[in-house]
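Student: Take a look and give me a structure for this.
(3 chains)
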Amino acid sequence: MGPKQQISRIMRPDDANIVGNVHGGTILKMIEEAGCIIGTRHCNTQPGDRCAAQLARVERTDFLYPMFIGEVAHVSAEITYTSNHSVEVQVQVMSENILTGSMKMTNRATLWYVPFSLKDVGKVTEVPPIKYANPEQEEEGKKRYEAQKMERLETKERNGEQLMPVSAPEPYTVGFSQSSLIHLVGPSDCTLHGFVRGGVTMKLMDEVAGIVAARHCKTNIVTASVDAINFHRKIMKGCVVTVSGRATFTSNKSMEIEVFVDADPLIEAEKEKYRAVTAFFTYISLDKENKPLPIPALKLEGEEDQKHFEEGKARYLQNKAKRLADKQRQQ
Amino acid sequence: MGPKQQISRIMRPDDANIVGNVHGGTILKMIEEAGCIIGTRHCNTQPGDRCAAQLARVERTDFLYPMFIGEVAHVSAEITYTSNHSVEVQVQVMSENILTGSMKMTNRATLWYVPFSLKDVGKVTEVPPIKYANPEQEEEGKKRYEAQKMERLETKERNGEQLMPVSAPEPYTVGFSQSSLIHLVGPSDCTLHGFVRGGVTMKLMDEVAGIVAARHCKTNIVTASVDAINFHRKIMKGCVVTVSGRATFTSNKSMEIEVFVDADPLIEAEKEKYRAVTAFFTYISLDKENKPLPIPALKLEGEEDQKHFEEGKARYLQNKAKRLADKQRQQ
Amino acid sequence: MGPKQQISRIMRPDDANIVGNVHGGTILKMIEEAGCIIGTRHCNTQPGDRCAAQLARVERTDFLYPMFIGEVAHVSAEITYTSNHSVEVQVQVMSENILTGSMKMTNRATLWYVPFSLKDVGKVTEVPPIKYANPEQEEEGKKRYEAQKMERLETKERNGEQLMPVSAPEPYTVGFSQSSLIHLVGPSDCTLHGFVRGGVTMKLMDEVAGIVAARHCKTNIVTASVDAINFHRKIMKGCVVTVSGRATFTSNKSMEIEVFVDADPLIEAEKEKYRAVTAFFTYISLDKENKPLPIPALKLEGEEDQKHFEEGKARYLQNKAKRLADKQRQQ
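Tutor: Okay, here's the model as predicted:
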């Protein structure tokens, strides 16, 4: 039928969980990559604006068999229907065990793409038609097209309602910029011995602190300093790590963010969640010439905020005095 | 003074924010890698148990100049003090612009490592002494050692207090396994045009769904199916994406998780956070032979939970009927 | 002799196969990074256009020992010859086991770079000369330069022929193990200038060659050597890269795989798909003690297979003779 495309890749430790099962997400990502390649290529086969195929919808898909590290995933994509402004891509995933030669179909998926112009942002371009083997194929494709169009409209309406209760904190408060991220510890985060590398933890801490700072300042922010970090307890492979950050103090040109790292031994039911690391990050805000910008003052709500702010101020003054003393000693 | 080690690397788009400033976290990670190499090597220079140097503490560190994509980071580490059971590593980071040849010191850091035996888990091994240029160097190192030891003890005590209010939901409730992750969209998540690839979003959604399922089941869980996913709105480079998941329904052998993707255009203050994608993931739990295990029933609290459960049940029965029909048609 | 640069890094699970052997491609990528840093730095040491060193050719390289997860790879690069428009970089890779302290030279490589202006796309800039320890060094460098120039011209011509016929696969035939993968070039694969890094291409080539070897042998296979690689044409950001591999020759203990890299400028319809790189990889098969296993003989079907086999055999015998000569010269 339509144009085809295949992509293949060996499954690596980071594609899978501790037991070796490849994450469904890894497969979904490959499916979409194949779809994006074939969709973008097809939509650019005629004169006119160059365009990129943007994913609009994925139909329900079942994972029939688990895939494992070391197997080769073969993802075959084919264009099976085109309307004026959208492309249907059907994808099939096979897992091959290259040592035994066994081959299994692990899943099928159907994706819908819409081509967007690379010149006029937001403009949807025309899709060149494909040839069908017979009129029935085109007819069936059209039915699938109409069905998904309907469903998309329905979900769009339903999604007007905000689904999770979002309390809207006031800008510049601690709650407004407070952030946390979850990270599932993978093999490449760990030492040979199965413990998370200190550097990996610090990178996640800086990431959260950066998000807090950007939310507060809404500018280009960079790390200015990191206070002493103590690694109280080791974090094991397979843990889920929650890294949370909250603003504690702002001076004219800097802001301090406290970062917590909590580890949750996911599978071992008997073990409890514990706090592994905490630290203070200081961020500054830069303009286009990389010069420091003023920082909006933190709005404090309640005693807790006030207490953290005072402690932050004490650290700030202490570090300032220390820097001054270091400078004088060096002269 | 002590043994030395240098590591160097070109800074890539994924190491930096949209404006091109290298993340402090990238630099911290490199610093720790250099420290870990030199610390582990030194602690294994004598007979006895092989061991791995585990990061115990990082002293306060300042980022003196921003670093940019395309520059080469040179990280030089040196062992500057050893006690019986710990190693002090001092690290210096230089950024080199290989086009202009300019070279700047961007930061200094001091790290403390403790060697753990690779044979007896938890056993701390002896550290071989280093040679000092003069007695003053050793004396100063000892002072730094005593000072950090004191501070570590203090923080440990202070950390007894649980700092963030953790409401403890009951196991098997929706609240117990509910999870969310934050992801800062980087260059390699995006198409040429600066939009997040659909595949990247789906991978994050599966990651959160997997964490919810693992928290609920505490076993090896794998994706069984994904319901139709609609991509209502595009997500731009530089956004922070919050992906949240919550259990909605459990049958005997499967559980359904609803996943939401919210995008927050961090820097553009005028633009509001919006819901970009939602979908239902179904997970199953596997034993060591990859056979399905029973799923603990979801404990429902309140009407909302009950409503979601009923809707999930309807989807479950509908899919089951559809699968059955497909099977019969194929026979 | 010339300017030097070293890069070091711990080998992680994602750098290796399931058994723990580091992929040859990981090492090739590090080698190219060191070469690119030193080459770009050197070419910018004089006034005039700022430029980026673009990989043009890698000489044949042997992998003398396998490297493992947890070892530290030390890659040292040195500029050993410069012509008006090209730079020769010699690289040496050592693997260090930081637990036992053992250190092995795992391979040597020679790379040729050509500097391209960052202002005028396509313009090759002048290379500043290096100082030689004695006239003999310069003379030898010139000989290597002339030899590679000749070879590059030859391969360029030979690469006209389009190669891959696809057929039904009997075990141990060429068709049985033939493989190809597709990679959509992302921002983090590219230099500042938007060209794919040579190291990224080599890593993909090694990945495909590894799949071919595993399919043929069904054992733990590792890269033993890579023949000279010529980078005929640059690959731009936004291309789709197809990397294909097929077995060409087997001896008792090794097999040769030919790898092709084709670039497809997805969006620019007027531009045609073109062959960017080709090379021969040699793989060996290892048992659990990392000792070489016999390789199943390749079943040849038809004249084409026979011709490739004979050519592969010639290369094999030539390399064997060369290794022998090198050994005798060293004694």
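
Student: make it CA atoms for all contacts and neighbour counts henceforth
Tutor: Noted.

Student: who in chain A is up against chain C?
Tutor: Residues of chain A lying close to chain C by CA under 8 Å from any CA of the partner chain are A:6-10, A:12-14, A:33, A:37, A:40-41, A:44-46, A:50-52, A:69-70, A:98-101, A:187-188, A:191-192.

Student: Cross those residues against helices and list the overlap.
Tutor: Those of the residues of chain A next to chain C mapping onto helices are A:33, A:37, A:40-41, per DSSP state H.

Student: Now do the SS call for A:Gly199.
Tutor: helix (DSSP: H, G, I helix; E, B strand; the rest coil).

Student: and the nearest residue to it once chain neighbours are set aside, what element?
Tutor: Excluding the flanking residues, the one nearest A:Gly199 by CA to CA, 6 or more residues apart in numbering or on different chains is B:Lys29, at 4.0 Å. Using DSSP states H and E, B:Lys29 sits in helix B:24-43.

Student: before we move on, what about A:Lys142?
Tutor: helix A:135-158.

Student: Can you tell me which helices and strands that helix packs against?
Tutor: strand A:72-82 (3 or more CA pairs under 8 Å, 6 or more residues apart in numbering or on different chains; DSSP states H and E).

Student: Summarise which helices and strands the strand it packs on is packed against.
Tutor: strand A:4-10, helix A:24-43, strand A:87-96, helix A:135-158.

Student: With mean neighbour count as extra columns, can I get these in TSV?
Tutor: Shown next, in TSV, are these (neighbours: other CA atoms under 10 Å in any protein chain shown):
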stretch	mean neighbour count
strand A:4-10	20
helix A:24-43	25
strand A:87-96	24
helix A:135-158	13
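
Student: now, the most widely separated pair of the ones in helices among the residues of chain A next to chain C?
Tutor: The span of those, defined through CA to CA, is set by A:Glu33 and A:Arg41 at 12.2 Å.

Student: ok, and the closest non-adjacent residue to the closest residue to chain C within the stretch 1-150 of chain A?
Tutor: Taking CA to the nearest CA, chain C has its nearest neighbour within the stretch 1-150 of chain A at A:Leu99, 4.2 Å off. Once flanking residues are discounted, A:Leu99 sits nearest to C:Lys218: 4.2 Å by CA to CA, 6+ apart.

Student: now do A:Met94
Tutor: A:Met105 (4.3 Å).

Student: Measure how the helix or strand hosting that neighbour sits relative to strand A:72-82, angle-wise.
Tutor: A:Met105 belongs to strand A:103-117 when assigned by DSSP H and E. With axes from the mean of the first three to the mean of the last three CA atoms, to 10 degrees applied, the angle from strand A:103-117 to strand A:72-82 works out at 50 degrees.

Student: Return the set of buried residues in strand A:103-117.
Tutor: Neighbour-count burial for strand A:103-117, counted by 16 or more other CA atoms under 10 Å in any protein chain shown, picks out A:105-117.

Student: For these, give me TSV that also has pLDDT.
Tutor: Shown next, in TSV, are these (pLDDT from 0 to 100):
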residue	pLDDT
A:Met105	93
A:Thr106	92
A:Asn107	89
A:Arg108	91
A:Ala109	91
A:Thr110	94
A:Leu111	94
A:Trp112	94
A:Tyr113	93
A:Val114	92
A:Pro115	91
A:Phe116	87
A:Ser117	87
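
Student: Go ahead and confirm A:Phe176 touches A:Glu170.
Tutor: Yes. If you go by CA atoms under 8 Å, A:Phe176 and A:Glu170 touch, sitting 6.1 Å apart.

Student: higher neighbour count, those two?
Tutor: A:Phe176 (18 against 11; other CA atoms under 10 Å in any protein chain shown).

Student: So for the helix or strand where A:Val212 lies, mean pLDDT?
Tutor: Secondary structure from DSSP H and E places A:Val212 in helix A:198-217. Mean pLDDT, computed over helix A:198-217, is 91.

Student: A:Ala56 in helix, strand or coil?
Tutor: strand.

Student: ok, it - contacts?
Tutor: Neighbour list for A:Ala56: A:111-114, B:230-232 [criterion: CA atoms under 8 Å, 6 or more residues apart in numbering or on different chains].
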